[in-house]
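**Q** Have a look at this prediction, sequence included:
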Amino acid sequence: MIDEKIKKLIKDTTKNLGINFDEEIKLEHPADLNYGDYSTNIAMILSKKKGINSNNLSKKIVEELIKNKAREIEKIEAVGGFINFYLSKSFYIESIKEILKQGDDFGKNKIFKKQKTIIEYTDPNPFKEFHIGHLMSNTVGEAIARIFEWNGAEVKRANYQGDVGLHVAKTIWWLKKQNIQPKDFTTNTLAAAYSSGAKSYEENDEIKKEINEVNLKIYNNNNKELNKLYKEGKKLSLEYFENIYKKLGTKFDYYFFESETKNVGEKVVKKFLDNKIFEKSDKAIIFKGEKYGLHTRVFQNSDSIPTYEAKELGLAKMKYDKYRYDKSIIITGNEINDYFKVLMKVMSLDDEKDKNSLKNLSEKTTHIGHGMLRLPTGKMASRTGDVITFGRLYETVYDKIFSILEKNNLINEKEKKDIADKISIATLKYSILKQGIGKDIIFDLEKSISFEGDSGPYLQYTFVRAKSVLEQTNKKPKMTINLDEISNIEKLLYKFTEIVKRAGEEYSPNYIVTYLIEVASAFNSYYANNKILNSENESYRLGITKAVSVVLENGLKILGIKVPEKM
C-alpha cells in the first residue's frame with residue numbers, strides 16, 4: 001500500500017540523515033486536499049528530541065526525500081513542522097485499474113494472516129426476548145468478524161447463551177403456576193412469564209424461596225415436570241433466535257451454554273479457593289478485588305451454585321478446547337466493563353503453565369464494551385415487561401419504509417417486501433456502526449431512513465445508482481486518459497484498503513462507515529455535474545463508476561449490509 005511505501009521512504013531518509021528513532025511514523029490524510037494526500041508531523045516530534053527548529057528540520061528532510069521520490073509521488077513540501085505528500089495523477093489512474101482488477105477482493109490485506117480468532121457476541125438468553133441490546137452486540141460483533149476476515153484472519157463466531165439461572169427459574173415457576181403447557185408456548189408467552197415471575201420474585205419473599213428451589217431443581221436436572229417445561233421452552237427460544245440471526249446475516253460456528261460451562265467453572269472455583277485466590281464469605285466463594293483496585297465478585301453463591309462469573313471461567317477454557325485460537329474477542333454491553341476487568345484479573349492469577357491456563361488465555365483475550373441503543377423514550381428493561389425487542393423496532397422501521405415504497409408503481413409487491421427488508425436492516429446496522437463502539441446511540445427513525453446522506457439507505461441508493469449506470473451500456477471501462485479529469489473520487493477510492501486495515505487494528509467499524517459516506521457523497525456530486533454515458537470521456541467515467549460500485553459493495557459487505565437490486 002502507498003502509505004507503507006511513504007513510511008519506509010521517511011524512515012530510510014531520516015536514517016540517511018543520521019537521525020535514528022523508534023517511534024512509529026504516523027501519516028494522516030489532511031482534511032483539506034490542498035495540503036496533500038498524506039501529511040506527517042515526524043519533523044516536529046524529532047525536533048523536540050533533538051532540540052532543533054522543526055521548520056528547518058522538515059525542510060532538510062524534504063530535500064532528502066525529493067532525491068529518492070517514488071514515481072507515485074508528484075510533490076513533497078514542508079509546511080511549518082509538517083511534511084505533505086501529493087500523489088501523482090498516474091497513481092490515481094493505476095489505483096482505479098487495481099480496483100477494477102481485484103473486484104470483490106479489493107480492500108483485503110494480510111495483516112492478520114494465519115491469526116486464529118474467535119469472536120463471541122450477541123449472547124441472548126433463552127426464555128427471554130431478543131432485545132435491542134442483543135441487536136447492538138450482533139451488529140458490532142458481525143462487523144468486527146468480517147473486518148478481521150478482510151484483514152486475513154481465520155475467524156470463528158461464537159455465541160454464549162444463559163440457559164440456566166434465575167431468569168429461567170422465574171419463567172418456569174410462572175409457567176407451572178399458571179399451568180401453561182409446552183404445546184401453548186410462544187415467544188410472547190415465555191417473555192410474559194419471565195416478566196411476571198421476575199416481578200413476583202421481587203415482591204414476595206415466600207415466592208422468592210419457591211423460585212430459588214425451582215432454580216436448584218433445574219440445575220440438578222432432577223424434576224421431570226420442570227425438565228419438560230425447560231426443554232420445550234429452550235428449544236422454542238433457540239429457534240426464535242436462529243430466525244433473527246438469518247435476517248441479520250450471521251451464522252455462528254459455535255454455541256456455548258451456561259448449563260455446560262458451569263461444571264468446568266466449578267472446578268476452577270475449587271482450585272482457586274485452594275490456591276487462596278478466592279475465599280469463603282458466609283457460605284459463598286468470592287474474589288476480593290479491592291486489593292487490585294477492583295471490586296468484590298461472587299463466584300459461587302451460598303447455595304453452592306456457580307455464578308455467571310464462575311461459568312465465564314469455564315467458558316474461557318471450553319472455547320480454547322474447541323478452537324485453539326491466537327486471539328479471543330468478547331463483545332458485550334459496556335455496563336459490564338468493570339465486571340470483565342475483574343474477570344481478566346482473576347484469569348491472570350492462574351498459576352498453571354500450560355497453553356490452556358487461564359493466565360495464558362487472559363493474555364489472548366480482548367473485551368470490547370459497546371454503548372446502548374436508545375429510543376427517544378430512553379433505555380428499557382425486560383424485567384419490567386416493556387423491553388424494546390428487535391422485532392418491535394424492526395417492524396416499526398419496515399412499516400415506515402414499506403409505506404414509502406407503496407407509492408412506487410414500478411416495483412411489484414414481492415420486490416417491495418424484499419427492498420423494505422434490506423433497507424430496514426441497513427437502517428438499523430448503519431445507525432449502530434456509524435460512531436465509536438463505546439458510545440450510546442439515540443435512534444432517530446426519520447433521519448435513519450433518509451435517502452439523502454448519513455444513513456444506510458443513502459449508501460444502498462448510491463450503489464444502486466452506480467450499478468444502474470453500468471447496466472445501461474455494454475461498453476467496458478477503460479482507464480487511460482484524461483489525466484486532467486482527476487476528481488475527488490480518485491483521491492478517495494485508493495484509501496479503502498488502508499481504512500479496512502485501520503478498522504481492524506482499532507476494532508472500529510465506524511471508520512468504514514465514515515469513509516463510505518465520503519465516497520457516496522463524492523460520487524453523487526460527480527454524477528450530478530458530469531455526463532457519464534455518451535460523453536467524450538465515457539469509458540474513463542464508466543471506470544470511475546465501476547470502481548465506486550466495487551468499493552461501496554465491498555464496504556457494505558463488511559458492515560453486514562445487503563443491497564437491493566433496485567430502489
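**A** Ah, there it is.
**Q** For the rest of this, base every contact and every neighbour count on C-alpha atoms.
**A** Fine.
**Q** Run a quick neighbour tally on Lys400.
**A** 15 (other Cα atoms under 10 Å).
**Q** err, Lys364, not the other one
**A** Count around Lys364 with other Cα under 10 Å applied: 14.
**Q** Would you check that it makes contact with Ile330?
**A** No. Using Cα atoms under 8 Å as the test, Lys364 is too far from Ile330 to be in contact (11.0 Å).
**Q** quick one: average confidence on stretch 133-151?
**A** The average pLDDT for stretch 133-151 rounds to 98.
**Q** ok, now stretch 192-200?
**A** Stretch 192-200 carries an average pLDDT of 95.
**Q** Using CSV, write out every CA atom in that stretch.
**A** Extracted C-alpha coordinates of stretch 192-200, given in CSV (Å, rounded to 0.1, in the frame of the first residue of the first chain):
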residue,chain,number,x,y,z
ALA,A,192,-44.6,-12.6,29.7
ALA,A,193,-43.9,-15.5,32.0
TYR,A,194,-40.4,-14.1,32.7
SER,A,195,-41.7,-10.6,33.4
SER,A,196,-44.4,-11.9,35.8
GLY,A,197,-42.0,-14.3,37.5
ALA,A,198,-39.4,-11.5,38.0
LYS,A,199,-42.0,-9.2,39.5
SER,A,200,-43.3,-11.8,41.9
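**Q** That one: how far from the chain's middle?
**A** 32 Å (Cα atoms, centre = their mean, to the nearest Å).
**Q** And that stretch, what's buried?
**A** Ala192, Ala193, Tyr194, Ser195, Ser196, Gly197, Ala198, Ser200 (16 or more other Cα atoms under 10 Å).
**Q** export those to JSON lines and tack on secondary structure and distance to Tyr254?
**A** Shown next, in JSON lines, are the buried residues of stretch 192-200 (DSSP: H, G, I helix; E, B strand; the rest coil; distance: Cα to Cα, whole Å):
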{"residue": "Ala192", "secondary structure": "helix", "distance to Tyr254": "29"}
{"residue": "Ala193", "secondary structure": "helix", "distance to Tyr254": "29"}
{"residue": "Tyr194", "secondary structure": "helix", "distance to Tyr254": "27"}
{"residue": "Ser195", "secondary structure": "helix", "distance to Tyr254": "29"}
{"residue": "Ser196", "secondary structure": "helix", "distance to Tyr254": "32"}
{"residue": "Gly197", "secondary structure": "helix", "distance to Tyr254": "31"}
{"residue": "Ala198", "secondary structure": "helix", "distance to Tyr254": "30"}
{"residue": "Ser200", "secondary structure": "helix", "distance to Tyr254": "35"}
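**Q** As CSV, those residues with distance to Asn510 would be great.
**A** Formatted as CSV, these follow (distance: Cα to Cα, whole Å):
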residue, distance to Asn510
Ala192, 36
Ala193, 38
Tyr194, 36
Ser195, 35
Ser196, 39
Gly197, 40
Ala198, 37
Ser200, 42
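**Q** Among the residues you listed, which pair sits farthest apart?
**A** Ala192 and Ser200 (12.3 Å; Cα to Cα).
**Q** Now the residue most central in space within the chain. Nearest residue, chain neighbours left out?
**A** Centroid-nearest residue in the chain: Val140, 2.7 Å away (criterion: Cα atoms, centre = their mean). Closest residue to Val140 apart from its sequence neighbours, by Cα to Cα, 6 or more residues apart in numbering: Leu433 at 6.8 Å.
**Q** so what's that neighbour up against?
**A** If you count contacts by Cα atoms under 8 Å, 6 or more residues apart in numbering, Leu433 has them with Thr139, Val140, Pro509, Asn510, Val513, Leu559.
**Q** Identify, from those, the entry nearest to Met479.
**A** Nearest to Met479 among the contacts of Leu433, with distances taken as Cα to Cα, is Val513, at 27.2 Å.
**Q** where does this protein dip in pLDDT?
**A** Residue ranges of the chain with pLDDT under 70: 377-386, 480-484.
**Q** Which residue ranges of it form strands?
**A** Residue ranges of the strands in the chain, as given by DSSP state E, are 38-40, 73-79, 82-87, 116-120, 154-161, 254-257, 279-281, 284-287, 297-300, 327-333, 365-370, 373-374, 441-442.
**Q** These into CSV, with extra columns for mean neighbour count and distance to Glu225?
**A** Putting the strands of the chain into CSV (neighbours: other Cα atoms under 10 Å; distance: least, Cα to Cα, whole Å) gives the following:
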stretch, mean neighbour count, distance to Glu225
strand 38-40, 21, 69
strand 73-79, 17, 75
strand 82-87, 21, 73
strand 116-120, 24, 33
strand 154-161, 20, 23
strand 254-257, 16, 22
strand 279-281, 15, 34
strand 284-287, 21, 30
strand 297-300, 22, 27
strand 327-333, 21, 34
strand 365-370, 19, 39
strand 373-374, 19, 39
strand 441-442, 18, 43
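**Q** could the ones you listed be laid out in a markdown table, adding distance to Tyr240?
**A** Converted to a markdown table, the strands of the chain look like this (distance: least, Cα to Cα, whole Å):
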| stretch | distance to Tyr240 |
| --- | --- |
| strand 38-40 | 49 |
| strand 73-79 | 55 |
| strand 82-87 | 52 |
| strand 116-120 | 19 |
| strand 154-161 | 13 |
| strand 254-257 | 15 |
| strand 279-281 | 40 |
| strand 284-287 | 36 |
| strand 297-300 | 31 |
| strand 327-333 | 21 |
| strand 365-370 | 24 |
| strand 373-374 | 21 |
| strand 441-442 | 26 |
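**Q** Now find how far off-centre the longest helix along the chain is within its chain.
**A** Determined from DSSP state H, the single longest helix within the chain is helix 224-248. On the basis of Cα atoms, centre = their mean, helix 224-248 sits 26 Å off its chain's mean C-alpha point.
**Q** And stretch 467-479, by the same measure?
**A** Relative to the chain's own centre, stretch 467-479 is displaced by 34 Å; criterion: Cα atoms, centre = their mean.
**Q** Just the CA trace of that stretch, in PDB.
**A** Provided in PDB are the C-alpha atoms of stretch 467-479 (Å, rounded to 0.1, in the frame of the first residue of the first chain):
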ATOM      1  CA  LYS A 467     -24.900  -0.100 -10.900                       C
ATOM      2  CA  SER A 468     -27.800   1.300 -12.900                       C
ATOM      3  CA  VAL A 469     -25.500   3.400 -14.900                       C
ATOM      4  CA  LEU A 470     -23.300   0.400 -15.700                       C
ATOM      5  CA  GLU A 471     -26.200  -1.700 -16.800                       C
ATOM      6  CA  GLN A 472     -27.200   0.800 -19.400                       C
ATOM      7  CA  THR A 473     -24.200   0.200 -21.600                       C
ATOM      8  CA  ASN A 474     -22.200  -2.700 -23.000                       C
ATOM      9  CA  LYS A 475     -19.000  -0.600 -23.100                       C
ATOM     10  CA  LYS A 476     -16.100  -1.600 -20.900                       C
ATOM     11  CA  PRO A 477     -14.400   0.900 -18.500                       C
ATOM     12  CA  LYS A 478     -11.000   2.000 -19.700                       C
ATOM     13  CA  MET A 479      -8.600   4.000 -17.500                       C
END
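**Q** can you pull the buried residues of it?
**A** Applying 16+ other Cα under 10 Å to stretch 467-479 flags Lys467, Leu470, Pro477, Lys478, Met479 as buried.
**Q** Could you pull up phi and psi at the fourth one?
**A** Put plainly, it is Lys478. phi -140, psi 110 (degrees, to the nearest 10).
**Q** residue contacts, it?
**A** Contacts for Lys478 were tallied using Cα under 8 Å, 6+ apart; they are Ser539, Tyr540, Leu542, Gly543.
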